[in-house]
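Colleague: just the structure for this:
(chains A and B)
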Amino acid sequence: MCSQASREPSGMTREPVRREPSGTTRVSACREPSDVPVDCYALFSSHTDAMALYEEVRARGIEARISPTPRAARATCGVALLFSPEVGEKVQQAAADIGVTLEGLVELPRQIDAMRDRYC
Amino acid sequence: MSDRHEMWSNLGMDLEAHDLLCSVLPTAFGDVFLSQENRPEAMSYWDAVTADIHGIRPAELVEEQKKGRKVFGTFCVYVPDEIVMACNGIVTGLCGGSQFWVPDGEKALPSDVCPLIKASVGARLGRTCPFFRIADMYVGETTCDGKKKAYEILAKDVPMYVMDVPQMKRAKDIAAWTVEIAEFAKTVEEFTGVELTAVALADAIKLVNERRRALARVYAARKAADVIPISGTDAILMMQIAFFDDPARCAEKANALADELERRVADGVSAFPAGTKRVLLTGTPLAVPNWKLQHVIETSGAAVVCEEMCTGTRYFENLVDESHTTLDGQFQALSERYMKNNCACFTPNEGRIDDVIRLAREYDVDGIINTNLKFCTTYKVEAPALEQALEDAGFPVLDIETDYADNDVEQLRTRIGAFVEMLNA
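Modeller: Next up is the predicted model:
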């Protein structure tokens, strides 16, 4: 799991959940069907932290990618780490091991659609 | 993430309007780049830079300005970066690749001006581009009529220097460009307060050549006949960011990417399924974040393996002769190198035809897409001659005219899909 964010039973709607390091939870307004794939985004206080963790998790063979921070997760431009919730605990462990503080962990329904055709 | 709002506010940006642009970038970037499979690991650098494109590099530029360095914003590959760098200045690209900026540009320009110019002017006037706010001086060039007149608008509130690019390539034109470079050097010296020396210019020439070699290495890996180690969409992102990045870091990162691509070629690791048709894209520049055409092509069954454009081979082909030890000799060497670029602003421009055919063969392409931004007259007028020559050389050609808006995407998908289907037949 990306964080302790809950999953609803199949067929229910679920809310993307943001887990703050302090344990407080921020819930975004959007709702998606539970069968939509879920991605996890780690948020950082600096892009150097994001790159450091990216390099560490890749060295450990964990699948992860650098991503812009989705607007649903945070209201500023920024660099995030994108990974599957299934490797969330490993990512958090890697962050702890190298001393990178996560600003937050956010689970969101899949944001990526190659055929959306909406450009900047 | 670092909050950039204080910096943007200090730069006099319209934070509310700029936030609208920030809101669409993550989705567009994810759709175009993160939807790809099997990307080179080294692309993570460009992913991070683009994710915070109005934050990371602008913050660096602001810090350098605090040390007294001057930032020169440029629009075109004809402006010799080496001169600025030799005077301890910094060159940066400027915004101009998004539909977001076009409406603000149309407040000052006719609507039938190319979107690159409208977006550039709009980014400045709308105060939604940090690079336009940071640059101490803009350096334009006379490569098209639209830009020439746009400079007059931009010059109203920012120091603006315009280089007079010759429109022909006779010996006297190259000599004239040499003089133009020397005069530009005087302006840069005065503006930076740094005397230009032959030693400093030699170092700058070497550094920019290193950047050219590194970018060329990435492209060379794309020539592999049986493997496509990187998508064209990723390659164009690298090129787009090169205009903004620190040149030494750009060379370092491009070399690291080239190392990986060369390994992928040796190992047979491709970003596309075997048999994917190879396309060369030629035409007008694709300024960041204009990813529409590359993405449509590469989600329609083909792969772009080379870009013959200013945001492509024209940026790095041909090195400046490093052997000169006097300023006069160096100005001449710079002139000769820059005048080898084959832009549609020249008449005649048969060199571009030769370039495209040469590159099509070097990159072993199955077809060529010639694209021009709407209202770019010079490229549009020379398109038939180019396309006829390409067909005569045996290459299928598709002509695409488009802009930054999303509303022609379905038409593009239909036409490009049919072209790819024809290549596959």
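
Colleague: let me see the contact set for the residue in the stretch 101-250 of chain B that chain A sits nearest to.
Modeller: Per CB to the nearest CB, B:Trp101 is where the stretch 101-250 of chain B lies closest to chain A, at 9.8 Å. Backbone N, C-alpha and C define where each C-beta goes, glycine included. Contact partners of B:Trp101, counting by CB atoms under 8 Å, 6 or more residues apart in numbering or on different chains, are B:Cys95, B:Lys118, B:Ala119, B:Ser120, B:Gly122, B:Ala123, B:Gly126, B:Thr128, B:Cys129.

Colleague: save those as JSON lines, and put in distance to chain A, neighbour count and secondary structure too.
Modeller: Below are the contacts of B:Trp101 laid out as JSON lines (distance: CB to the nearest CB, whole Å; neighbours: other CB atoms under 10 Å in any protein chain shown; DSSP: H, G, I helix; E, B strand; the rest coil):
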{"residue": "B:Cys95", "distance to chain A": "11", "neighbour count": "27", "secondary structure": "coil"}
{"residue": "B:Lys118", "distance to chain A": "15", "neighbour count": "29", "secondary structure": "helix"}
{"residue": "B:Ala119", "distance to chain A": "10", "neighbour count": "29", "secondary structure": "helix"}
{"residue": "B:Ser120", "distance to chain A": "15", "neighbour count": "31", "secondary structure": "helix"}
{"residue": "B:Gly122", "distance to chain A": "13", "neighbour count": "27", "secondary structure": "helix"}
{"residue": "B:Ala123", "distance to chain A": "12", "neighbour count": "27", "secondary structure": "helix"}
{"residue": "B:Gly126", "distance to chain A": "15", "neighbour count": "22", "secondary structure": "coil"}
{"residue": "B:Thr128", "distance to chain A": "12", "neighbour count": "27", "secondary structure": "coil"}
{"residue": "B:Cys129", "distance to chain A": "12", "neighbour count": "27", "secondary structure": "coil"}
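
Colleague: nearest to B:Ser44, of those residues?
Modeller: B:Cys95 (23.6 Å; CB to CB).

Colleague: how much space is there between the closest one and A:Val79?
Modeller: 20 Å (CB to CB, to the nearest Å).

Colleague: could you dump the lengthiest helix in chain A to PDB, C-alpha only?
Modeller: In chain A, assigned by DSSP state H, the helix with the most residues is helix A:47-59. Taking C-alpha atoms only, helix A:47-59 is exported to PDB below (Å, rounded to 0.1, in the frame of the first residue of the first chain):
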ATOM      1  CA  HIS A  47      13.400  18.300  -6.400                       C
ATOM      2  CA  THR A  48      16.800  17.100  -5.200                       C
ATOM      3  CA  ASP A  49      15.000  14.900  -2.600                       C
ATOM      4  CA  ALA A  50      12.800  13.600  -5.300                       C
ATOM      5  CA  MET A  51      15.800  12.700  -7.500                       C
ATOM      6  CA  ALA A  52      17.700  11.200  -4.600                       C
ATOM      7  CA  LEU A  53      14.800   8.900  -3.700                       C
ATOM      8  CA  TYR A  54      14.200   8.000  -7.300                       C
ATOM      9  CA  GLU A  55      17.800   6.900  -7.800                       C
ATOM     10  CA  GLU A  56      17.700   5.000  -4.500                       C
ATOM     11  CA  VAL A  57      14.500   3.000  -5.300                       C
ATOM     12  CA  ARG A  58      15.700   2.300  -8.800                       C
ATOM     13  CA  ALA A  59      19.000   1.000  -7.400                       C
END
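
Colleague: who are the packing partners of the next helix or strand along the chain from that helix?
Modeller: As assigned by DSSP states H and E, the chain's next helix or strand after helix A:47-59 is strand A:65-68. Under the contact criterion of 3 or more CB pairs under 8 Å, 6 or more residues apart in numbering or on different chains; DSSP states H and E, strand A:65-68 touches helix A:47-59, strand A:79-83, helix B:15-29, helix B:44-51.
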